[in-house]
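Student: structure, please.
(2 chains)
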Number of protein chains: 2
Amino acid sequence: MATEIRVNLLPRLLNEETDVAVVIDVLRATSTMTAALYFGAKKIVPVLSVEEARKYREGNSEVLIGGERGSKKIDGFDLGNSPCELSKEIIEGKELVITTTNGTVAISRSKRARKVILASFLNLGSVVRLLKKENGRIELQCAGTDGDPSLEDTLLAGAIVSQLEIGHSNDSCRIASVLHEAVKDNLESFIVENGVHAKRLLSLGFYEDVRFCAKINLYDVVPFWRDGGFVRG
Amino acid sequence: MATEIRVNLLPRLLNEETDVAVVIDVLRATSTMTAALYFGAKKIVPVLSVEEARKYREGNSEVLIGGERGSKKIDGFDLGNSPCELSKEIIEGKELVITTTNGTVAISRSKRARKVILASFLNLGSVVRLLKKENGRIELQCAGTDGDPSLEDTLLAGAIVSQLEIGHSNDSCRIASVLHEAVKDNLESFIVENGVHAKRLLSLGFYEDVRFCAKINLYDVVPFWRDGGFVRG
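Tutor: Residues are numbered from 1 along each chain as shown, chains lettered A, B, ... in the order given. Below you'll find the model as predicted:
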């Protein structure tokens, strides 16, 4: 049984005092990575730069590279940062090397925790089941958008906090859980109508992505960190 | 008419692109400073260090020094950081030099805005009336507690956002206003039962302070920055 939970509305630099780091970037990094493992990707390797991703693929036909800059697919990449463009045919058995604006930073700030997992609405139930079995301190690392807390990440953090009956170690737990409680019955429309990042994605034509990332419990998969990448737990 | 509002759940470094900075440290710095001006203090000078405050008072009988470290009154200071210990008899006509843990940092990060004012629940109505007349960009600078967003500052930011019908420039506006909407009918008990900082103050015996700082519209005073200190607006 975990003993305490802490919500970071922006990712803080963790160390091994944190037993489980839960990285949250609903739009869209952790949703995309969860979907990729669901469809059979062998491993997901998050990298910080476009160059690093390109180098990784050189001479390796088992590697796909994906990601975004300014929410758009990167020139020459195999994939963008969308859970909707993935399928078994595309990704099964492949390694996905991915670089995104906010999500990969949140991951890099979480790596020293004892265990690192990824959460999205798509795998909420599985994440909660796993966390209920953990011991020690859980930290929810919201990626946010360009250095500012985001509505959708805060909502998912709130959903997780609400389902775990353990002590809060900071006020952001309550801020997030009350927010989620207030709007949970209209989650998708609330995010679409109010989120700065959601609105930007809509303006770029990613309507399907935003709607999809608000769906709950589609995938029974928890990505967890092992040997330099995320694998299916 | 202001054109946009932004909420910073922790204070960011502002510059002159911000037309009005509203500093919020409900427990207790901005509540105490508002009360001090209400009771007739001539000026309030926030300083970052204990030594600075002591030097300011040397040889000047018109200066009182106040503040806290670890929520407690500082050794040798005239006052702590409590709106409840103030009265006309104590403070009228005096200059109050004050140093607090979170509030004075939030003020120092706001100083380059074109106008800087202080908000608390005690002067909420007056702050909103003033903001309705302003032009340009308003930023609400929540002090937080020891580098973490605080429930009570977020709630006050939400109350202000809800009463101003202007465009939100970040998601924290909505996070704060939905939170406030959800708990506004039980504001005092919600803060007392859930806030990390409130609980710490209660454990130190400051029950009256916590209750008092949740009272709404007691004082028709807006502290604003002029020539190195806050004066009555």
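
Student: my guess is A:L202 meets A:N194, correct?
Tutor: No: in this structure, A:L202 is not within contact of A:N194 by CB atoms under 8 Å, at 11.7 Å. Yep, even glycine has a C-beta here, placed from its N, CA and C like the rest.

Student: show me what whatever helix or strand A:E152 lives in is packed against.
Tutor: A:E152 belongs to helix A:151-163 when elements are defined using DSSP states H and E. Counting contacts by 3 or more CB pairs under 8 Å, 6 or more residues apart in numbering or on different chains; DSSP states H and E, helix A:151-163 is packed against strand A:2-8, strand A:20-24, helix A:124-132, strand A:136-142, helix A:171-183, helix A:187-194, helix A:196-203, helix B:171-183.

Student: can you tell me what sits against the shortest one?
Tutor: Residues from elsewhere that reach strand A:20-24 (CB atoms under 8 Å, 6 or more residues apart in numbering or on different chains): A:2, A:11, A:14, A:30, A:103, A:106-107, A:110, A:113-120, A:127, A:131, A:134, A:136-143, A:153, A:156-157, A:160.

Student: mind listing what's buried in stretch A:81-89?
Tutor: Buried residues in stretch A:81-89, counting neighbours by 16 or more other CB atoms under 10 Å in any protein chain shown, are found at A:81-86.

Student: closest one of these to B:G147?
Tutor: A:N81 (30.3 Å; CB to CB).

Student: can you name the residues that contact the closest one?
Tutor: A:28-29, A:32, A:66-68, A:71, A:73, A:98, A:100.

Student: ok, now with 7 Å
Tutor: A:28-29, A:32, A:66-68, A:100 (CB atoms under 7 Å, 6 or more residues apart in numbering or on different chains).

Student: was I right to think A:N170 contacts B:D146?
Tutor: No: with contact defined as CB atoms under 7 Å, A:N170 does not count as touching B:D146 (9.5 Å).

Student: more neighbours: those two, which one.
Tutor: Applying other CB atoms under 10 Å in any protein chain shown to A:N170 and B:D146 shows that A:N170 carries more neighbours, namely 22 against 10.

Student: sorry, back to before: now the helix holding A:E152 against strand A:20-24, angle please.
Tutor: Our comparison of helix A:151-163 with strand A:20-24, counting by axes from the mean of the first three to the mean of the last three CA atoms, to 10 degrees, yields an angle of 140 degrees.

Student: flag every residue of chain A that's near chain B.
Tutor: A:9, A:148-151, A:154, A:170-172, A:174-175, A:178-179, A:182-183, A:194-196 (CB under 7 Å from any CB of the partner chain).

Student: and the most centrally placed residue in chain A, what pLDDT?
Tutor: For chain A, A:T30 is the residue whose C-alpha lies nearest the centre (CA atoms, centre = their mean; 2.3 Å). As predicted, A:T30 sits at a pLDDT of 97.

Student: any idea which helix or strand carries it?
Tutor: Counting by DSSP H and E, A:T30 is part of helix A:29-38.

Student: who touches that helix?
Tutor: A:23-24, A:44, A:81-83, A:86, A:91, A:96, A:98, A:100, A:102-104, A:118-120, A:122-123, A:143, A:213, A:219, A:221, A:223, A:230, A:232.

Student: give me that answer again for 8 Å
Tutor: So helix A:29-38 is contacted by A:23-25, A:44, A:46, A:66, A:81-83, A:86, A:91, A:96, A:98, A:100, A:102-104, A:106, A:118-123, A:143, A:212-213, A:218-219, A:221, A:223, A:230-232 (CB under 8 Å, 6+ apart).

Student: just the buried members of those residues?
Tutor: Of these, these count as buried by 16+ other CB under 10 Å: A:23-25, A:44, A:46, A:66, A:81-83, A:86, A:91, A:96, A:98, A:100, A:102-104, A:106, A:118-123, A:143, A:212-213, A:218-219, A:221, A:223, A:230, A:232.

Student: that older thread, ranking the helices and strands packed on helix A:151-163 by burial, who's on top?
Tutor: With neighbours taken as mean count of other CB atoms under 10 Å in any protein chain shown, the helices and strands packed on helix A:151-163 reach their highest mean count in strand A:20-24, at a mean of 28.

Student: circling back to that earlier point, in strands, which of the buried ones among the contacts of helix A:29-38 fall?
Tutor: A:23-24, A:44, A:46, A:66, A:96, A:98, A:118-119, A:223, A:230, A:232 (DSSP state E).

Student: quick one: contacts for A:V128?
Tutor: So A:V128 contacts A:160, A:163-164 (CB under 8 Å, 6+ apart).

Student: ok, now A:E62?
Tutor: With CB under 8 Å, 6+ apart, A:E62 has these contacts: A:42, A:93-95.

Student: rerun at 7 Å
Tutor: A:94-95.

Student: and if you look at the one 5 residues further on?
Tutor: With contacts defined as CB under 7 Å, 6+ apart, A:G67 is in contact with A:53, A:74, A:77, A:81, A:98-100.

Student: next one: A:E95
Tutor: A:E95 neighbours (CB under 7 Å, 6+ apart): A:42-43, A:45, A:62-63.

Student: for the residue located most distally from the centre of chain A, grab phi and psi.
Tutor: In chain A, the residue that sits farthest from the middle, by CA atoms, centre = their mean, is A:G59; the gap is 28.8 Å. In terms of degrees, to the nearest 10, the main-chain angles of A:G59 are phi 70, psi 20.

Student: just want the angle from the helix holding A:T30 to helix A:151-163.
Tutor: Going by the same axes, to 10 degrees, helix A:29-38 makes 70 degrees with helix A:151-163.

Student: after the helix holding A:E152 comes which helix or strand?
Tutor: Next along from helix A:151-163, by DSSP H and E: strand A:167-168.

Student: and the contacts of that next one?
Tutor: Contacts of strand A:167-168 (CB under 7 Å, 6+ apart): A:3-5, A:174.

Student: off-centre distance for it?
Tutor: In terms of CA atoms, centre = their mean, to the nearest Å, the centre of strand A:167-168 is set 22 Å apart from its chain centre.
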